[in-house]
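Colleague: Sequence plus the predicted model coming up.
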Amino acid sequence: MAVKLVFLGKLADLAGSDDRAIAAPLDWAGLLSALEPALAQAAQDDTTKIALNGALLTDKAALEAHDGDEIALLPPVSGG
Amino acid sequence: MAVKLVFLGKLADLAGSDDRAIAAPLDWAGLLSALEPALAQAAQDDTTKIALNGALLTDKAALEAHDGDEIALLPPVSGG
Amino acid sequence: MRDVRIVTQPFVPGALTDEFAKAHPGLGGVCTFVGEVRGEDGVEALELIQYPAMTRKGMEELADTALERFALMGLLIVHRVGVMGPGEPIVCVSAAAHHRRAAIDAVDFTMDYLKSASWLWKREKRSDGWHWIEPRAQDHSDLARWATKKL
Amino acid sequence: MRDVRIVTQPFVPGALTDEFAKAHPGLGGVCTFVGEVRGEDGVEALELIQYPAMTRKGMEELADTALERFALMGLLIVHRVGVMGPGEPIVCVSAAAHHRRAAIDAVDFTMDYLKSASWLWKREKRSDGWHWIEPRAQDHSDLARWATKKL
C-alpha cells in the first residue's frame, strides 16, 4: 500500500535519493506533510511541476495518488 | 598561336564540342566573327557570361585574348 | 518514419545518419545536427538525467509535431543520457525531406525544443564537483521564434 | 578549417562528417546538409558539369564568405560532378561551431548559394534523352533572404 515518489535533478540531492516509498492513499496535503520542510517548500514552488504516472498535473492541489502510483517532483528542465 | 574556347552547358551542344582552338590574338569582334551565327548570338546574350582565364569579364567588348589564353562561354548556371 | 532513441552509450552520428538516409529512398535532402559536450569552462563531464516515464514520450510528441509542421519524410532523434565526457555526441537530429528548406527548418525547430523543453536535467562536473545547470533565458527566446515565424 | 572538395565518384556522407567533426575538438555542434539525386519525374540520371577554371574557386570563395559571416570553427563542402543516379549524394555541407545557431544558419546560407550561384551546369536524363535544366526563380528568392535577413 505505497506510492513511489521520484525526485529529479537537484531535488534528488535535496531528498538524498532518487526515489522513496510513502504510504498510500495520498493527496496534496498528505504529500506536503510527508516531506521534509525544504522538499515541501520546493514542491510548492511554481517552477516545480508535479507528474502523476508520467502525466503532468495542471493543478497540484488536485493530486490523488493510490497504491502503485508514481509521483514525480520535476524542477525546471535544463535542456538537452 | 591559339586561344582555347570552352563551351559550357547547352552551349557545348550548340558548338558540337566542349572546346576548340581559334587563332590568337582575339578581340570581341574577332570572337563573334569566328563563331557560327547561333553561337555568336548566344555569346552576345545578356545571360551568357564570358570568362578569360577563369576571370569573369564585366565588359565583354573589352575582351583581349592572346596565345595560350582560355575563353569560356558560360550560359546561366542551373545550380548544384 | 519517426525514430526516437534515448541511448546510454556513446554513438557514432555518421553511421546513424547514413542508415537514416538509406531508409528514405526518393528523398531530396537530409539535414542533421549533432551536438557535442563542450570542454570549455573547465567542464570535465556532463550528466543528463532522464525521467523514463516522461522523457522519451515528450521527444516522440516533439517528433510528431515536427513531422506535422514541416513537409518531412522522416525524423530521427537520438539523445544520449547519463554521464559523458567532452567531445562526445549528446544529440543527433536528422530530418529527411523532398526539399531542403523543410529539412533545415525542421532540424532548427526540433533542436530548439529539445534543448529547452525536454524532460532532462543536466549537471556539469568541474574541479570542485558537480553543479546543476539552470535553464537559460536564451532557451525561451529560441522557442519564441517558432510561435511567430511564418514557415 | 576550410575544406572544399569536388569529387567525381560516389561518396559516403557519414564518413566525411564524422571525420570533419573529429577535426574540430571543442566544437559545440555540427550541422550538415546532404542533397541526393531525386528519382522523381522519370529522371534516370543527372549530370553536373563543372568548369575547372572557376567552379572550385567559386566554392572556396563561398566557404570563405560563410566562415567570415558566421561564427564557425570550420566548413566542409563536398560536391559531386559528372553523371550520377537517383539516390546518390550530390552535395554535403557541414559547418562546425561553438553554438548551434551559427552552424545551422551557415549550412542554410551555403546551400542557398551552392544551389543557385555555383558554376555548375545540370542536365537530366529521362526516357527521351538528356535535357538541360534552366535556373529556377526559387533560387533567386533563396539568395534574396541573405541580403535582408539580420543574423
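Modeller: Happy to help now that I have it.
Colleague: how about the helices of chain C, start to end?
Modeller: C:13-22, C:55-69, C:100-117, C:137-148 (DSSP state H).
Colleague: Pull up the pairing partners for the helix or strand hosting A:Ala21, direction included.
Modeller: Taking DSSP states H and E as the criterion, A:Ala21 maps to strand A:19-23. Strand A:19-23 has the following strand partners under DSSP bridges: strand A:2-7 (antiparallel).
Colleague: distance between the partner strand and the chain's centre?
Modeller: 7 Å (C-alpha atoms, centre = their mean, to the nearest Å).
Colleague: Quick one: residues in contact with it.
Modeller: Residues outside strand A:2-7 that contact it (C-beta atoms under 8 Å, 6 or more residues apart in numbering or on different chains) are A:14-15, A:17-26, A:31, A:39, A:65-73, C:51, C:53. Glycine gets a C-beta too; all of them are placed from N, C-alpha and C.
Colleague: Give me the subset of the residues you listed lying in strands.
Modeller: A:19-23, A:26, A:65, A:70-73 (DSSP state E).
Colleague: Run a quick neighbour tally on residue 23.
Modeller: Since no chain was named, I'll use chain A. Neighbours of A:Ala23 under the rule other C-beta atoms under 10 Å in any protein chain shown: 11.
Colleague: try chain C instead
Modeller: 14.
Colleague: Same check on A:Gly54?
Modeller: Residues near A:Gly54, counting by other C-beta under 10 Å, number 15.
Colleague: At the contact with chain A, which residues of chain C appear?
Modeller: Residues of chain C lying near chain A by C-beta under 8 Å from any C-beta of the partner chain: C:35, C:48-49, C:51, C:53-54, C:57, C:79, C:90-91, C:114-123, C:132-136, C:139.
Colleague: List only buried entries from those residues.
Modeller: C:35, C:48-49, C:51, C:53-54, C:79, C:90-91, C:114-123, C:132-133, C:135, C:139 (16 or more other C-beta atoms under 10 Å in any protein chain shown).
Colleague: ok, and which of those residues reach chain D?
Modeller: Near chain D, by the rule C-beta under 8 Å from any C-beta, you find C:35, C:115 out of these.
Colleague: can you list the residues of chain C near chain D?
Modeller: Near chain D, when you scan chain C using C-beta under 8 Å from any C-beta, you find C:12-18, C:21, C:25-36, C:38-40, C:86-87, C:98, C:100, C:103-104, C:107-108, C:111, C:115.
Colleague: Can you get me a residue count around the closest residue to C:Cys31 other than its chain neighbours?
Modeller: Counting by C-beta to C-beta, 6 or more residues apart in numbering or on different chains, C:Cys31 lies nearest to C:Ala103, which is 3.9 Å off, once chain neighbours are set aside. The number of residues packed near C:Ala103 is 30, by other C-beta under 10 Å.
Colleague: One more: C:Pro10?
Modeller: 10.
Colleague: Roughly how far does A:Gly9 sit from C:Leu120?
Modeller: 9 Å (C-beta to C-beta, to the nearest Å).
Colleague: Find the residue at the geometric middle of chain A.
Modeller: A:Leu73 (3.7 Å; C-alpha atoms, centre = their mean).
Colleague: beta partners of that one?
Modeller: A:Phe7, A:Ile50.
Colleague: Surely it and A:Thr47 touch.
Modeller: No. Taking contacts as C-beta atoms under 8 Å, A:Leu73 lies outside contact range of A:Thr47: 11.3 Å.
Colleague: Residue of chain C nearest chain B, please.
Modeller: C:Arg100 (11.1 Å; C-beta to the nearest C-beta).
Colleague: Who is the residue nearest to that residue when sequence neighbours are not counted paired with across the strands?
Modeller: Computed as C-beta to C-beta, 6+ apart, the closest residue to C:Arg100 that is not its neighbour in sequence is C:Gly29, at 4.4 Å. Using DSSP bridges, the beta-bridge partners of C:Gly29 come out as C:Ala97, D:Gly35.
Colleague: Let me see the confidence value for C:Gly29.
Modeller: Turning to C:Gly29, the model gives it a pLDDT of 96.
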